[in-house]
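1. Please work out how this folds:
(one chain, ligands or ions: 1)
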Amino acid sequence: MSRKSKIVQIKIEDTIFPNKSIGIYEDKKVIFKGGIKGQIVLVKFKKKRKDYIEGKLLEVIENSPLEKNLTKYGEYDLGPCPYGTLLYEDELKLKEEQVLNLFKKENIDGFEFLGVERSPNEFAYRNKMEYTFGDEFKGGPIVLGLHKKGRFYEIVDTDGCDLVDSDFTSIRKTVMNYFRSIDSSFYNKRNHEGFLRHLVIRKALSTGEILVNLVTSSQDSLDKKSFLNELLNLKELKGEVTGVLHTINDGLGDTVKADKIDLLYGRDYIIEEILGLKFNISPFSFFQTNTFGAEKLYSIVREFIGEEKKDIVFDLYSGTGTIAQIISPIAKEVIGIEIVEEAVVKARENMKLNNLENIEFIAEDVFKAVDNLDKKPDLIIIDPPRDGIHPKAIEKIIDFSPNRFVYVSCNPVTLVRDLKVFKERGYKIVRMKMMDMFPRTPHVEAAILMTYCGSEEEQ
Ligand SMILES: C[S@@+](CC[C@H](N)C(=O)[O-])C[C@H]1O[C@@H](n2cnc3c(N)ncnc32)[C@H](O)[C@@H]1O
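-> A predicted model of the protein is given here:
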């Protein structure tokens with residue numbers, strides 16, 4: 001066997017964010033995705049890099065002493081739930097260690113670390129799921145579920161280790177059984193033939209409202225009456241189906257897009273409540289997937305900002321305007337900037353719903369929008385996507401020279417990269433708190449407060 005395709009048994013000595021493991025083979029580091037510190041695993045070599053060998057995790061031979069939750073998930077393909085075999089306390093410790101190591105590696109220190117805030121719910125915390133129609137094996141019965149781990153075609157009949165509540169499962173199974181009973185076809189991603197594509201369920205966890213969105217191609221027709229009959233007569237739901245949509249998508253890619261949306265029942269949005277404010281959520285707009293976790297995250301942002309200051313605040317990457325609205329009562333004026341037009345429309349509607357007046361939402365790329373802002377902010381809040389702040393945008397944002405920045409990040413790797421730039425430009429990290437928005441997965445959020453303390457030459 002060539003070295004490239006060699007398969008070896010090794011022990012996972014350490015893990016790095018996000019969900020990468022390190023083992024040693026003949027004095028060389030082997031790095032691969034997945035795994036838990038302490039496991040003995042089989043790894044296949046993929047590529048020889050300068051300082052390490054890149055591998056692929058094939059199988060866990062022996063569990064780690066850290067896996068104390070095996071009774072529930074030991075036999076189960078964890079799919080989207082890689083940390084399911086850990087006790088929640090140990091999962092939080094692991095995330096803390098991994099994120100702090102990223103900071104240490106880049107010499108970012110000297111700040112107050114306020115620990116990791118746990119998610120209010122360890123399980124059933126997700127408010128949105130996107131299921132796919134397909135089959136588990138070629139020619140098998142139609143399945144509605146999630147992609148099998150690491151596979152593009154096979155779909156498994158699962159919700160993925162209890163990250164959603166039982167309403168999601170009841171609706172998914174009912175819809176799957178209905179289309180099985182009438183022998184409908186699913187959209188085949190190889191030849192682009194077939195009808196059923198996705199089922200997207202959004203549930204407002206604070207109000208119990210449920211929005212169901214069936215996504216199909218235009219290659220067949222839906223019997224609306226009997227489909228609705230199945231959904232609306234579901235007895236065992238804890239929440240209530242308040243809207244049903246049928247989206248037609250003939251795009252060739254696997255993402256949920258809309259060529260046409262047909263409202264079959266009720267209304268095309270749900271209302272979620274966070275910290276006493278109402279948010280109207282449409283089928284495609286961004287909303288934090290852990291509702292009660294988001295309450296805690298936004299409370300951390302509020303705590304970092306402190307007492308009422310009547311500041312001018314920029315909320316960059318504002319989505320549906322949640323942060324802007326939560327801080328509106330303590331600010332003089334808030335300007336939110338977001339690239340997705342539909343999210344900005346929702347943000348403006350939500351602002352009216354909550355009787356707030358001191359916010360302006362701008363639909364534009366942050367990189368361009370900052371050129372046209374003539375206001376001088378006292379505080380800038382930044383909550384960028386996983387890629388972090390674009391390197392060209394970050395310089396322009398710092399040029400506003402506010403007294404304080406609050407950076408909310410869903411990706412500690414890009415956060416650390418960006419913090420180095422803030423540091424070079426004279427900002428000091430005052431405090432950091434992590435918020436576990438994604439239990440049972442390797443992901444975690446972090447909020448950072450920075451203040452200006454002069455450029456490096458000035459110090
Ligand atoms: C992590 S979300 C934060 C949303 C919001 N702060 C919240 O908590 O609901 C990041 C947002 O940045 C938006 N975005 C991505 N790239 C952008 C850009 N270049 N300019 C403006 N907004 C962008 C995305 O559409 C998304 O709504």
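2. measure residue 22 to residue 217 for me?
-> As for residue 22, its distance to residue 217 is 44 Å (criterion: Cβ to Cβ, to the nearest Å). (C-beta placed from N, C-alpha, C; glycine too.)
3. for residue 47, same thing?
-> Relative to residue 217, and taking Cβ to Cβ, residue 47 is found at 38 Å.
4. what domains does the record give for the chain?
-> 3-65, 91-120+286-452, 128-274 (automatic domain parsing).
5. And the ligand, is the longest one touching that?
-> Yes: residues of domain 91-120+286-452 are located near the ligand by Cβ under 6 Å from any ligand atom, namely 286, 288, 317-320, 322-323, 337-340, 343, 365-367, 383-385, 410.
6. re earlier: most tightly packed of the domains of the chain?
-> The highest average neighbour count among these, using mean count of other Cβ atoms under 10 Å, belongs to domain 91-120+286-452 at a mean of 19.
7. Check whether residue 5 really touches residue 48, as I assumed.
-> No: contact status for residue 5 versus residue 48: not in contact, 11.7 Å apart, counting by Cβ atoms under 8 Å.
8. and the gap between residue 148 and the ligand?
-> 28 Å (Cβ to the nearest ligand atom, to the nearest Å).
9. swap in residue 125?
-> Residue 125 sits 16 Å away from the ligand, going by Cβ to the nearest ligand atom.
10. and residue 98, what is it in contact with?
-> 15-18, 412 (Cβ atoms under 8 Å, 6 or more residues apart in numbering).
11. And residue 420, by the same measure?
-> By Cβ under 8 Å, 6+ apart, residue 420 lies in contact with 106, 108.
12. and it, that's in a helix?
-> Yes: using DSSP: H, G, I helix; E, B strand; the rest coil, the assignment for residue 420 is a helix.
13. pLDDT wise, what is it at?
-> We have a pLDDT of 97 for residue 420.
14. Find the residue at the geometric middle of this structure.
-> residue 289 (6.4 Å; Cα atoms, centre = their mean).
15. what stretches of this structure score poorly on pLDDT?
-> 1-4, 71-80, 149-152, 455-459 (pLDDT under 70).
16. For the lengthiest helix in the chain, what is the distance to the chain centroid?
-> Ordering each helix of the chain by length in residues (DSSP state H) puts helix 88-105 first. In terms of Cα atoms, centre = their mean, to the nearest Å, the gap separating the centre of helix 88-105 from the centre of its chain is 18 Å.
17. Restricting to C-alpha, output it in PDB.
-> Output in PDB follows, covering the C-alpha atoms of helix 88-105 (Å, rounded to 0.1, in the frame of the first residue of the first chain):
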ATOM      1  CA  TYR A  88     -22.600  18.600  28.600                       C
ATOM      2  CA  GLU A  89     -20.200  19.800  31.300                       C
ATOM      3  CA  ASP A  90     -17.300  18.100  29.500                       C
ATOM      4  CA  GLU A  91     -18.400  19.500  26.100                       C
ATOM      5  CA  LEU A  92     -18.400  23.000  27.500                       C
ATOM      6  CA  LYS A  93     -14.900  22.500  29.000                       C
ATOM      7  CA  LEU A  94     -13.600  21.200  25.700                       C
ATOM      8  CA  LYS A  95     -15.000  24.200  23.800                       C
ATOM      9  CA  GLU A  96     -13.500  26.600  26.300                       C
ATOM     10  CA  GLU A  97     -10.100  24.900  26.100                       C
ATOM     11  CA  GLN A  98     -10.100  24.900  22.300                       C
ATOM     12  CA  VAL A  99     -11.100  28.500  21.900                       C
ATOM     13  CA  LEU A 100      -8.700  29.800  24.500                       C
ATOM     14  CA  ASN A 101      -5.900  27.900  22.800                       C
ATOM     15  CA  LEU A 102      -6.600  29.800  19.600                       C
ATOM     16  CA  PHE A 103      -6.200  33.000  21.500                       C
ATOM     17  CA  LYS A 104      -3.000  31.800  23.200                       C
ATOM     18  CA  LYS A 105      -1.500  30.800  19.800                       C
END
